[in-house]
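J.: with the input below, show me the fold.
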Amino acid sequence: MTGTWSLLRLVLRRDRLLMPLWVVCLAIAPLGYLSSIKAAYPDAAARQHFYDLNASSATFVVRNGPLYGSSVGNLLAWQCGFVPVVVGLVALLTVVRHTRTEEEAGRRELTGATVVGRHAGLAAAVVFSCGACLVFGIVVGLGVAAQGEPVAGAFALGLAFSLAGWVFAGVGAVAAQLTWGASGARGIGIGVLVLAFLLRAAGDSGSAGWPAWLSPIGWAHRMRPFAGEQWWVLLLALFATGSLVVLAVALSARRDLGAALLPARLGRSGARASLRSPLALAWRLQRGTLLVWTVCLALVGLLMGGVARNVAEMMRDNKAVADVFSRVGGGGAVTDAYLAGTMTLFGLAAAGYAIQATLKLRAEETAGRAEPVLATAVGRIGWALAHLAFALLGSAFLLAVTGLAMGSASGTSLVPAALAQLPAVWVLAGLSALLIGFVPRFAAAAWGLLGAFLLLSLVGTALRWNGVVLGISPFQHLARLPGGTFSIAPVLWLVAIALVAGIGGLAALRRRDIPVG
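T.: Below is the predicted model:
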């Protein structure tokens, strides 16, 4: 473990902007939910009515987990049921980024040539990720307690989020030892995360609750914040995290630096003619990511579409909640407002895919694979456009499939409503390209933009922030479909912004050095 502290300081320096941004954005969300719940359900009778409608609803339980009571704290913990999934995703991606990605880029070999122990890099990444999750949980606990909720329940809620992050930091550490590339490790980790969510959903919605105990997401709910806290669940999470880290260390000791335990799949000795182009190369690099995003969002779309059937009944006697959905999702009937608000969330998710697909340009550059490609007859613009095609067209395909899945579950045609989010998605893809062109070292700041827009959509809208502030997000200028009125002018403006940003990024990429460290 020699050099662990030095490498931890390096990780802290590299993520000094990105990780605090994630912590702050995620911590504000529960506080926004708390304010909305107090406004929508001001008395015990309204909260009890909500509990009676939703406690036994299989659809809502699958989405958010079990509802243990009708207090404000109970409703808050239930409303934050998806937060452990997000925290787990951030934790595993952070560990993979500072382990497998470092090996893939060749930087781990350079640091390993100094006075650094074999497992110091892995230890630093896990400590950093788990520490960030703990800080996030403490911030949530302090914020919720400051709003007048019971201190024990507030910190149980925050630590429930933390424990999910700890376990998936361990999952990321193990996944980093298995594959040759960071994308494969991310795919394994995300697959485990999806499986954990499905196990939690199966356990909570079925008569036998034991499958939920196989899932770290289920453990977060079994902490029972504000409902008789079960603190011993933390010990279960700590044991699982420690076991996974020990397994990761053992696996790391059995492989060479830069190698993997799972064998690489050999390709053909000669490529077919159809693969000898920048677009074909981009397809080979991007197809796995597109498939994972499509499957995950389609499953969530089916779930959210099923919820739509119960929304009208849930909101019938609560005008305050109906008004919240109308502000988030636009005018019209309550169900249409719910569907429109959900489409905004799917648009933000599709923007996440568009950012990841665009940042693949920077990943190829830093990994040293862009130079051999550009040393051939391939030009920089053609190479970049091949990847941007997946950011633009892939996000359109993603939204269309999600709209189709959600529409099939809700009995409504939602593909046009889903595709209405495209202009805002393309703006984020264009801004990502702009960052890659002008300030490549800070290209990851595109995720910060997405976090800010997510904060505005989830919290700012519900709390009725100033319209000028909300207007910073491109998603606020789109037609709220279904139920809203479509206007072509905002679409044209957003597409124009995306084009200008994308063209500016391509022009800068054409003129600057490659690679830029």
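
J.: do I have it right that residue 453 meets residue 347?
T.: No: look at residue 453 against residue 347 with CB atoms under 8 Å: they stay out of range, at 9.5 Å. Any C-beta I mention is one placed from the backbone N, CA and C, and that applies to glycine too.

J.: which of those two has more neighbours?
T.: residue 347 (27 against 24; other CB atoms under 10 Å).

J.: so what's the more buried one closest to, chain neighbours aside?
T.: residue 421 (2.9 Å; CB to CB, 6 or more residues apart in numbering).

J.: what about the one you found, how many residues nearby?
T.: There are 28 residues near residue 421, going by other CB under 10 Å.

J.: same check on residue 489?
T.: Neighbour number of residue 489 under other CB under 10 Å is 8.

J.: do you know how far it is from residue 468?
T.: Relative to residue 468, residue 489 is positioned 18 Å away (CB to CB, to the nearest Å).

J.: could you do residue 134 as well?
T.: 36 Å.

J.: likewise residue 294?
T.: 36 Å.

J.: looking at those two, which one has more neighbours?
T.: Remark: of residue 294 and residue 468, residue 294 carries more neighbours, 18 against 7, as counted by other CB under 10 Å.

J.: circling back: now list whatever residues contact both of residue 453 and residue 347.
T.: residue 475 (CB atoms under 8 Å, 6 or more residues apart in numbering).

J.: need the contact list for residue 383.
T.: Counting by CB under 8 Å, 6+ apart, residue 383 has contacts 278, 361, 370, 373-374.

J.: mind doing that once more with 6 Å?
T.: residue 278 (CB atoms under 6 Å, 6 or more residues apart in numbering).

J.: does it count as helix, strand or coil?
T.: At residue 383 the chain is in helix, as set by DSSP: H, G, I helix; E, B strand; the rest coil.

J.: again, but for residue 376
T.: Quick answer, by three-state DSSP: residue 376 is coil.

J.: dihedrals phi and psi, it?
T.: phi -90, psi -160 (degrees, to the nearest 10).

J.: going forward can the numbers begin at 892, since that is how I track them
T.: All set: I'll call the first residue 892, so the last point we hit is now residue 1267.

J.: burial of it, as a residue count?
T.: Neighbours of residue 1267 (other CB under 10 Å): 9.

J.: distance of it relative to residue 1251?
T.: 19 Å.

J.: swap in residue 959?
T.: 43 Å.

J.: ok, residue 1173 next?
T.: In terms of CB to CB, residue 1173 sits 8 Å off from residue 1251.

J.: anything in contact with each of these two?
T.: What both residue 1173 and residue 1251 touch, as defined by CB under 6 Å, 6+ apart, is the set residue 1278.

J.: looking at the two, which has the bigger crowd around it?
T.: For residue 1173 and residue 1251, the more surrounded residue by other CB under 10 Å is residue 1173, and the numbers stand at 23 against 20.

J.: which residues in the stretch 942-1091 of the chain form strands?
T.: Shown for the stretch 942-1091 of the chain, no strands are assigned by DSSP state E, counting those that start in this stretch.

J.: residue ranges with poor pLDDT in it?
T.: 947-951 (pLDDT under 70).

J.: where exactly do the helices run in it?
T.: 949-955, 963-970, 974-989, 991-996, 998-1003, 1011-1037, 1042-1069, 1073-1096 (DSSP state H, counting those that start in this stretch).

J.: which residues does the fifth one contact?
T.: Think helix 998-1003. residue 993.

J.: ditto for the last one
T.: If you take CB under 6 Å, 6+ apart as the criterion, helix 1073-1096 is touched by 949, 952-953, 956-957, 976, 979, 983, 987, 991-992, 995, 1062-1063, 1066-1067, 1070, 1100, 1102-1103, 1105-1109.

J.: same question, stretch 1139-1158
T.: Contacts of stretch 1139-1158 (CB under 6 Å, 6+ apart): 994, 1010, 1064-1065, 1068-1071.

J.: pick the most buried one from the helices of the stretch 942-1091 of the chain.
T.: Most buried of these by mean neighbour count (mean count of other CB atoms under 10 Å) is helix 1042-1069; its value is a mean of 27.

J.: that one to helix 963-970, inter-axis angle?
T.: Angle, helix 1042-1069 to helix 963-970, by axes from the mean of the first three to the mean of the last three CA atoms, to 10 degrees: 20 degrees.

J.: what's the offset of helix 1042-1069 from the middle of its chain?
T.: 15 Å (CA atoms, centre = their mean, to the nearest Å).

J.: against which helices or strands is that helix packed?
T.: helix 974-989, helix 1011-1037, helix 1073-1096, helix 1107-1113, helix 1124-1144 (3 or more CB pairs under 6 Å, 6 or more residues apart in numbering; DSSP states H and E).

J.: still on that earlier bit, out of the helices of the stretch 942-1091 of the chain, the one nearest residue 1137 is which?
T.: helix 1042-1069 (9.1 Å; CB to CB).

J.: quick one: the closest one to helix 1073-1096, angle?
T.: 140 degrees.
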